[in-house]
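[1] mind looking at a prediction? Sequence and model below.
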Protein chains: 2
Amino acid sequence: MAQVQRMSRLMVKTLRDDPADAETLSHKLLVRAGYVRRNAAGIWSWLPLGMKVLENVSRVVREEMDAIGAQEVLLPALLPKEPYEATGRWDEYGPELFRLKDRKGAEYLLGPTHEEIFTLLVKDQCTSYKDLPVMLYQIQTKYRDEARPRSGILRGREFQMKDSYSFDTTDEGLAESYALHRQAYIRIFDRLGLRHKIVSAVSGAMGGSASEEFLAPAAAGEDTFAYCPSCDYAANTEAVTFPGTGEPADASAHGPVEVLDTPDTPTIETLAAFLDVPASATLKNLLVKVDGEIVAVGVPGDREVDLGKLEDHLAPAAVELVTAEDFAGRPDLVRGYVGPQGLEKVRYLADPRIAAGTAWVTGANQEGKHARNVVVGRDFEVDEYLDVVVVEEGDPCPTCGAGLKLDRAIEIGHIFQLGRKYADALQLDVLGQNGKPVRVTMGSYGVGVSRAVAALAEQTADEQGLCWPAEVAPADVHVVAAGKAAQTELALSVAEQLGQAGLRVLVDDRAGVSPGVKFTDAELIGVPKILVAGRRTAEGVVELKDRRTGEREELPVAEAVARLAAR
Amino acid sequence: MAQVQRMSRLMVKTLRDDPADAETLSHKLLVRAGYVRRNAAGIWSWLPLGMKVLENVSRVVREEMDAIGAQEVLLPALLPKEPYEATGRWDEYGPELFRLKDRKGAEYLLGPTHEEIFTLLVKDQCTSYKDLPVMLYQIQTKYRDEARPRSGILRGREFQMKDSYSFDTTDEGLAESYALHRQAYIRIFDRLGLRHKIVSAVSGAMGGSASEEFLAPAAAGEDTFAYCPSCDYAANTEAVTFPGTGEPADASAHGPVEVLDTPDTPTIETLAAFLDVPASATLKNLLVKVDGEIVAVGVPGDREVDLGKLEDHLAPAAVELVTAEDFAGRPDLVRGYVGPQGLEKVRYLADPRIAAGTAWVTGANQEGKHARNVVVGRDFEVDEYLDVVVVEEGDPCPTCGAGLKLDRAIEIGHIFQLGRKYADALQLDVLGQNGKPVRVTMGSYGVGVSRAVAALAEQTADEQGLCWPAEVAPADVHVVAAGKAAQTELALSVAEQLGQAGLRVLVDDRAGVSPGVKFTDAELIGVPKILVAGRRTAEGVVELKDRRTGEREELPVAEAVARLAAR
């Protein structure tokens, strides 16, 4: 886009109505304002205005990555299968990976993230400890075949991402590369004008030890995070841990186990209603298969098991829910009426709240019967305590114990200390100072570049439309010619002056479009400053409006230009 | 890359030896100098130095596209099948198209070029003649599953391309959009420092009327073009046409047809040797199937048929070579001994050189026999004249008749006047001035961005290595510290001064690397100016060398900096 872009020559078609399939604010507004257009589920085109914002975000990311000494490269998106087989991710990714064959039948994938390929690159390029540390990044198109692509560009199947990778010989080196990225990310999101929180995260399928997420709080966010109103603790809910163990109780204070007739109460709800006890007094026993072995997981009846957390705890073992077939031939497992006091053959994992000496209402291992006063340590033993419940508002802060708050957010960045997982799988060593091979330790860092555009739209838009922060806006000033010839002439002249002052200008010089439509479009498009050549054009007076605050002021052209140029 | 890039911190591993699989100069040198790295057949990574050159090329392309008012967008690379089915290209592309399915079984392709998708975009965004003309471009990763990916980044399966598309309501408008692109391309290649020729081309599978190629002459080129040393004619050999028809002769000057015993002479070579006549005196009759019907094509025995040209002439009919099975049940077709004088049932196409009244040696339609004095118009008729022979050096220039010269080149750009082919297939209309729908006419224009890097390397490299023009070089100056501490100190100080003067500097501050290796690497990497802090460091004198000319000069630091900064 030239410094002065005339709307009469810009391909932009604004829409008055929200697209039928749009759920989130950013999806609605980016489509209505002509920034993006859908080609297929989760596959989008960036139109001229959107492209400008995308490039601005990319530029900020690039500048901050360069500033920490990361080197820009561009690796292929079409990748051979073999390295991903070596690390197991060819299978682990499941249906999320786009796979294809070439004309010779060789198998390829469209890269969802590039740990393997960067590891092989550094293995080829770096041979000595002297060649490290090295940090490499790329801004590239990535592919993930999401089960439910939605929310416009917020969760696409083809999207733009900045991914970078650090390579060090020592744990301290990795910590430093990680810290550099963490600082760079803070600067990036600050410059973009994105409100963000850094939260502890679990590494998941990526592997490795420490990881943190950068979250942009927004109602449309698909991530839930917990934060403490009393201290600075914040974490992805998957990463929140229950502090210590639950309060132990005196086992002898409870009466003996009592078996009750509780017909038709296979769920916690039916049981609590039947016995008129709170769900929190009952013990829920979830049966799962861990690498094929049936295991029971006990949590208070009012809590849900977070299967993601459970998988993370038990990784690399595979976790599946039990099926009706699994109950066949297991008379000890009575579906809907399981209790830990009768499960000698089954490993019993429990939430820390199932503390020693506490008493519970739970299944009696007989159809239609439950037991009361089932006491931990007296009537059954917990084989292992695991923190696997879904975090809820009010749960204790792991740091200070205050009640946690929950909020929704969009994940805009993620930083990982991968450690040696990929270097081990692909044998990445360099010669150390002592002449012996040293296994390299890695970090991996991502910024969702296209997603950041959507997150910005979510956080900054108002009822009138988009409302961009200056650094990413498609222009600095939107000049509107109200409609008459003299107004258009003045608008073009002001636009020219602003362009010469180094500002990026969008000027609405469209003929045959009413002033009302032009004003509405200017609000919708969301350039930070709007300058109108309107009814006082003959006097050389224009109106200057701040898109965000709505403040408006009439002033002579020269003053308006000077004010905008001074920024 | 920062303004001053230290080589001690740059990921670059130079190689002394050419990679085993490299055939072309650019392939060898770009790998040896650490610009690119191969990931799979035709799939490459751009390393830090290569990335810088790629970005410089992209920047020049972007600036010149913006300058003609084209608007930058970014369309997806992963594309749904349906639009390509509508235009027939889903099938026409054959195995060159990467095809894949998503998790739901829907079919997609990786875009080789985007005519369909841009047509649909404009159909959605532009509704009135007032919205046109519009020119849109993107710089994007493209995919073609080449049968023989080779020559490094010159012919990859994943590559970077600038593609643009113009949309007009009139033929004059299209001609103007085409002319704007033609001028922009000249400026682009001139700025990049690429020697280039604009040649007439055939449109091929792209469809449409007029098209020209931008070729960069280079020994490694896979395209052959013809040019006239006497006038300014130049064309891709496929597009060269024979001027007019061949010289007619007097049929009555020839004796009657004479059938000769010519045992074991099924080829032109064996026949010419047996009869001791030049191959040019014989008539070669190639049998092909055109939409299933057997057709003969006659050309002088010393010429080859260009099947591409034949296909272009006969399109949209499909052309196949005949097989042994096709001869079965056709006693009139005697393999190896076909002559047009016995082919009443077969349509006969001929090269214009087979002119009226000329006499030929050709098959006698009997095993082991040929005929002499077979005269055009007396003994057989030509149903249609077609120019289908492979052009050879010395063939007449279609413009002035002088003997053409041939040369090898790399195709770096291609511009097409597509006309209404895609608009027809996808019904792209806008409302005209008279309120009635007008079918839109299109142009399509491509620059091989990654290929331009290889073409530049081919044209500019010398025996020492790469030798970049200033506009695309990864740095302006390569400062070499010969090795001693004082030399490194001076080199870093000079680099800093140059950086502050706005120059992009690469400084070789590597410890433990000999001066000889550093000098060799500097030549190999090919930055235009090399500044050495060497033996006269104590005096504050450095050596300044021009990479291309090899001219060197010793001068005081301040003068060297001033000279470089003045550029």
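    Yes, it's here.
[2] which neighbours does the top strand by length along chain A have in its sheet, and in what orientation?
    The residue-count maximum for a strand in chain A (DSSP state E) belongs to strand A:405-419. With DSSP bridges as the test, strand A:405-419 is paired with strand A:211-217 (antiparallel), strand A:223-227 (antiparallel), strand A:441-448 (antiparallel).
[3] out of these, which one sits most buried?
    Mean neighbour count (mean count of other Cβ atoms under 10 Å in any protein chain shown) peaks for strand A:441-448 among the strands paired with strand A:405-419, with a mean of 27. No exception for glycine: its C-beta is placed from N, CA and C like everyone else's.
[4] centre of the chain to that one, how far?
    Put simply, strand A:441-448 sits 14 Å off its chain's centre (Cα atoms, centre = their mean, to the nearest Å).
[5] does chain B sit close to the very next helix or strand once past it?
    Helices and strands here follow DSSP states H and E; after strand A:441-448, the next one along the chain is helix A:449-460. No. Contact between helix A:449-460 and chain B is absent, the nearest approach being 9.4 Å (criterion: Cβ under 8 Å from any Cβ of the partner chain).
[6] and helix A:449-460, what does it pack against?
    On a contact count with 3 or more Cβ pairs under 8 Å, 6 or more residues apart in numbering or on different chains; DSSP states H and E, helix A:449-460 meets helix A:25-32, helix A:48-67, strand A:158-168, helix A:171-192, strand A:211-217, strand A:405-419.
[7] can you put those in CSV and add mean pLDDT and distance to B:Arg439?
    Converted to CSV, the helices and strands packed on helix A:449-460 look like this (pLDDT from 0 to 100; distance: least, Cβ to Cβ, whole Å):
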stretch, mean pLDDT, distance to B:Arg439
helix A:25-32, 95, 27
helix A:48-67, 98, 24
strand A:158-168, 98, 31
helix A:171-192, 97, 43
strand A:211-217, 95, 46
strand A:405-419, 95, 43
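[8] so which of the ones you listed is nearest B:Ala562?
    Closest of these to B:Ala562 is helix A:48-67, at 27.5 Å (criterion: Cβ to Cβ).
[9] how much space between the spatially most central residue of chain A and B:Glu72?
    By Cα atoms, centre = their mean, the mean C-alpha position of chain A lies nearest to A:Glu411, the distance being 2.2 Å. Taking Cβ to Cβ, to the nearest Å as the measure, A:Glu411 and B:Glu72 are separated by 28 Å.
[10] what does A:Leu406 give?
    In terms of Cβ to Cβ, A:Leu406 sits 41 Å off from B:Glu72.
[11] next one: A:Gly512
    Using Cβ to Cβ, A:Gly512 is found at 27 Å from B:Glu72.
[12] cool, and A:Val61?
    Note on A:Val61: its distance to B:Glu72, by Cβ to Cβ, is 18 Å.
[13] for the two, work out which one has more neighbours and name it.
    Shown here are A:Val61 and B:Glu72; by other Cβ atoms under 10 Å in any protein chain shown, A:Val61 has more neighbours (26 against 21).
[14] and the more buried one, what does it touch?
    A:139, A:162, A:188, A:447, A:449 (Cβ atoms under 8 Å, 6 or more residues apart in numbering or on different chains).
[15] for the fourth one, which non-adjacent residue is spatially closest?
    On the basis of Cβ to Cβ, 6 or more residues apart in numbering or on different chains, the spatially nearest residue to A:Val447 that is not a chain neighbour turns out to be A:Lys162, at 4.3 Å.
[16] and what of the third one?
    Nearest-residue entry for A:Ile188: A:Glu64, 4.8 Å, with adjacent residues in sequence omitted and distances by Cβ to Cβ, 6+ apart.
[17] A:Pro95: what's it in contact with?
    Contacts of A:Pro95 (Cβ under 8 Å, 6+ apart): A:145, A:147, B:103.
[18] same thing but 6 Å
    Applying Cβ atoms under 6 Å, 6 or more residues apart in numbering or on different chains, we find A:Pro95 in contact with B:Arg103.
[19] cool, and the one 3 residues further on?
    With contacts taken as Cβ under 6 Å, 6+ apart, A:Phe98 has the following neighbours: A:110, A:143, A:145.
[20] ditto for A:Arg103
    A:Arg103 is in contact with B:95, B:145, counting by Cβ under 6 Å, 6+ apart.
[21] can I assume it sits in a strand?
    No. Per DSSP: H, G, I helix; E, B strand; the rest coil, A:Arg103 lies outside any strand segment and is coil.
[22] can you count the residues close to the residue nearest to A:Val447?
    A:Lys162 sits with 26 neighbouring residues when counted by other Cβ under 10 Å.
[23] my guess is it contacts A:Gly448. True?
    No. Judged on Cβ atoms under 6 Å, A:Lys162 makes no contact with A:Gly448 at a distance of 8.3 Å.
[24] roughly how far does the residue nearest to the centre of chain A sit from A:Glu311?
    Counting by Cβ to Cβ, the gap from A:Glu411 to A:Glu311 is 19 Å.
[25] quick one, helices of chain A?
    Secondary structure of chain A (DSSP state H): helices at A:25-32, A:48-67, A:82-86, A:89-92, A:115-125, A:171-192, A:268-275, A:307-314, A:324-327, A:421-425, A:449-460, A:485-500, A:515-525, A:557-566.
[26] deepest in the core, which of those helices is it.
    Greatest burial across those, using mean count of other Cβ under 10 Å, falls to helix A:449-460, with a mean of 26.
[27] so where's the stretch 251-400 of chain A uncertain?
    Low-confidence segments of the stretch 251-400 of chain A (pLDDT under 70): none present.
[28] can you list the residues of it near chain B?
    By Cβ under 6 Å from any Cβ of the partner chain, no part of the stretch 251-400 of chain A sits against chain B.
[29] contacts for the longest strand of chain A?
    The contact list for strand A:405-419 (Cβ under 6 Å, 6+ apart) reads A:174, A:178, A:181-182, A:185, A:203, A:206, A:208-219, A:221, A:223-227, A:229, A:393, A:441-448, A:452, A:455.
[30] kindly report the same for stretch A:4-23.
    A:28, A:31-34, A:48-49, A:495, A:499, A:505-510, A:521, A:524, B:71, B:125, B:134.
[31] what of stretch A:333-341?
    With Cβ under 6 Å, 6+ apart, stretch A:333-341 has contacts from A:266, A:285, A:327, A:348, A:362-365, A:367, A:371, A:374, A:379-380.
[32] neighbours around A:Gly432, how many?
    14.
[33] likewise A:Pro469?
    Close neighbours of A:Pro469, defined as other Cβ under 10 Å, add up to 17.
[34] give the contact list for it.
    Contact analysis of A:Pro469 by Cβ under 6 Å, 6+ apart lists A:Gly193.
[35] just the one 10 residues further on next, same as before
    The contact partners of A:Val479, by Cβ under 6 Å, 6+ apart, come to A:491, A:494-495, A:507, A:531.
[36] is the nearest residue to it once chain neighbours are set aside in a bridge, and if so with what?
    Nearest non-adjacent residue to A:Val479, counting by Cβ to Cβ, 6+ apart: A:Val507, 4.2 Å away. Bridge pairing for A:Val507 (DSSP bridges) gives the partners A:Arg6, A:Val479.
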